[in-house]
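Asks: Let's see this in three dimensions:
(chains A and B)
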Amino acid sequence: MIRDEIREKIHAALDELGLVESEIILEHPADSGHGDYATNIALILAKRGSKNPRELAERIAARLQDKRGENIRSITVAGPGFVNFHLTKSFFAKNVQEILSDIENFGKNSLLSGKKIMVEYTDPNPFKVFHIGHLMTNTIGESLARLFEFSGAEVKRANYQGDVGLHIAKAIAAKLRSRAIWITAADVGASYAQGEELFAKESDFVQEVNKKVYEKSDDAVNDAYAEGRAISLAAFEEMYKLLGTKFDFYFFESEVAEEGKNIVLEYLKKGVFEKSEGAVIFRGEPYGFHTRVFLTKEGLPPYEAKDLALAARKFAVYPYDKSFVITALEQNAYYAVVRQAMSFIYPELAHKTVQIGHGMMRVASGKMSSRKGNVVTGESLVHDALALAAEKIRDEQMNVDEKSAISKCVGIGALKFSILKQQIKSDIVYDEERSFSLEGDSGPYLQYAAVRANAVRARAEEAGLVRSFEKKDDIHAVERLLYQFPEIVERAAVEHEPHHIATYLIELAGSFNSFYAAEKIIGGGAAAPYRLALTEATFAVLKNGLHLLGIGVPGKM
RNA sequence: GCGCCUGUAGCUCAGUGGAUAGAGCGCUUCCCUGCGGAGGAAGAGGCCGCAGGUUCGAUUCCUGCCAGGCGUACCA
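Replies: I've put the predicted structure just below:
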């Protein structure tokens, strides 16, 4: 990377000047007049040695002059003492060539090479609807998984689904009471909503069913269980397919419940847990957390106990170096306690486990309640997004299948982008009126720019225009962005923040659109062959970037 | 009460201790005889929640306060 090259040169210059080592920060100035890279190293060192920063910057810049090499055009001092680096035309042309020589790998890094990573995400619960929170977790988890892959890791995707627990007892209890017939996932979800009410009035009955589910002791309960589970899981599978996620491992609470209970009982004897008010608890207060129940007074294992067994089971099937668990922020405190307890049972696994919390998706029109009918389900949201995308297609000649495929790609793209364009920890306000944007900062905006670039490439081929890396024009903003892609990917992967990719792609697509509007590519005379190369490189980076967001590029739209 | 998170343009959000704080939506103007207008060019719109502190320099770091969200014992 050019960034590392510049950093090394600065290192060498500092050495020669006998200046103490300090972390060298290189940034891209907002104003390209200030160069392609700038460092504030003189300001920092001047502070430490109480020297004049501007003077120090001049000395460092002077030392750098003979180290410029072929990629750096000029090194100047500006402002309070910044050292600015301007890159050469040939650097940008070489970069375009590099992108096109290995399109699929452009943007990858080796930060995590050789590492085995498991990412658990989505985690919907059978018997409950797939709600917008699951959509959010899925979108974020998938993007993180891809970022880790781009960083060289071997990534396995895991989905942990709650097929036991009180929520199921609620749904089954309600079905038994109302003799509801279950055909679709919505039917099962409706029973769950009724079960919530039932639980408020007759919690004993629901608890009894809960015990039966756990013990598998009642035929009617067993039948309803099998039925509901199958319907829910099949519906979830449809959703994963639509969203473009393929899980390598499915874990179920039913598989880890017994084991979780045993672990807690074993470590109760060893003093990790203690008895309190009939339950088995872990006291988190000494570690700055709170106390949580690991076995209920009925002796049933709640989520806490199951998560302990889950960590071990995950490691048994895939000996990971890092295990990520993607959940909503509201589970941060919960997970902190589980991880603390885990550190006494499986210290090395606790060390390898990282929980990442994300914000919630809220509906602008009021608070959602799983009991009321005003829940926006994942399915309805996806459906709306697809319909919106379909409306926009104006091509009359397009057949139904093509139209459907495109609206899926674009609709899902709009949905995912609206989730990934901001920091994962902040909440998203979903406005049903305005729905998802298909214009401006949006997934379709990126897809459109990519489709357009690709259309130019196809046109050029017809016209017999052959690309070349001989640059005639001045340096364009597009080029100033293209070479930065690997740096952005690295940052997004390290910080676990896909929105860096999203922000970058918006900028890239914007500058390409400006370029496209201002310059003729085909028919651009002597400049045409390089402009074509630049267009192809832009398409490649947009495509790779969108891939990292879990968004596809349609053939046309 | 305590803990975690958040407060930037009318709205939704970017912003790595630095140079004139940026986008999109909405609003006001332009640009389809040119490779795809889901586009482009421009304009208006800011006590960066408030008050201190650290620093040559703070939207960014620290402290306090205000406002909102989430969590805080048998749900997940």
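
Asks: who in the stretch 51-200 of chain A is up against RNA strand B?
Replies: Applying CB under 7 Å from any atom of the strand, we find that the stretch 51-200 of chain A lies next to RNA strand B at A:Pro53, A:Ala78, A:Gly79, A:Pro80, A:Phe82, A:Asn84, A:Asn125, A:Gly162, A:Val164, A:Gly165, A:Leu166, A:His167. The C-beta positions use only the backbone N, C-alpha and C, and glycine is treated the same way.

Asks: Now A:His496: phi and psi?
Replies: According to degrees, to the nearest 10, the main-chain angles of A:His496 amount to phi 60, psi 40.

Asks: looking at it, it is touching A:Leu144, isn't it?
Replies: Yes: contact between A:His496 and A:Leu144 holds when scored by CB atoms under 8 Å: they sit 6.0 Å apart.

Asks: hey, what's in contact with both of those two?
Replies: With contacts taken as CB atoms under 8 Å, 6 or more residues apart in numbering, the residues that reach both A:His496 and A:Leu144 are A:Ile356.

Asks: and the stretch 351-500 of chain A, which residues reach RNA strand B?
Replies: Taking CB under 7 Å from any atom of the strand as the contact definition, the stretch 351-500 of chain A meets RNA strand B at A:360, A:389, A:392-394, A:406, A:410, A:421-423, A:425-429, A:434, A:437-442, A:444-445, A:448, A:451-452, A:455-456, A:459, A:497, A:499-500.

Asks: Please compute how far the helix or strand hosting A:His134 lies from its chain's middle.
Replies: Per DSSP states H and E: A:His134 is located in helix A:132-150. Relative to the chain's own centre, helix A:132-150 is displaced by 4 Å; criterion: CA atoms, centre = their mean, to the nearest Å.

Asks: what angle do the helix or strand following that helix and helix A:132-150 make?
Replies: Using DSSP H and E, the helix or strand that directly follows helix A:132-150 along the chain is strand A:154-161. The directions of strand A:154-161 and helix A:132-150 differ by 160 degrees, with axes from the mean of the first three to the mean of the last three CA atoms, to 10 degrees as the criterion.

Asks: Where does whichever residue of chain A sits closest to RNA strand B sit, in terms of helix or strand?
Replies: Taking CB to the nearest atom of the strand as the measure, the point where chain A comes nearest RNA strand B is A:Gly440, at 2.0 Å. Here A:Gly440 sits in a region with no helix or strand, counting by DSSP H and E.

Asks: Repeat that for A:Lys175.
Replies: Assigned by DSSP H and E, A:Lys175 falls within helix A:166-178.

Asks: Flag every buried residue along that helix.
Replies: For helix A:166-178, the neighbour count (16 or more other CB atoms under 10 Å) marks A:Leu166, A:His167, A:Ile168, A:Ala169, A:Lys170, A:Ala171, A:Ile172, A:Ala173, A:Ala174, A:Lys175, A:Leu176, A:Arg177 as buried.

Asks: go on, stretch A:191-205?
Replies: Counting neighbours by 16+ other CB under 10 Å, stretch A:191-205 gives A:Ser191, A:Tyr192, A:Ala193, A:Gln194, A:Gly195, A:Glu196, A:Leu198, A:Phe199 as buried.

Asks: what's in contact with it?
Replies: A:127-129, A:166-167, A:169-175, A:177-178, A:180, A:182, A:206, A:228, A:370-371, A:373.

Asks: circling back: I'd like the next helix or strand past the helix holding A:Lys175.
Replies: Next in sequence after helix A:166-178, counting helices and strands by DSSP H and E, comes helix A:185-201.
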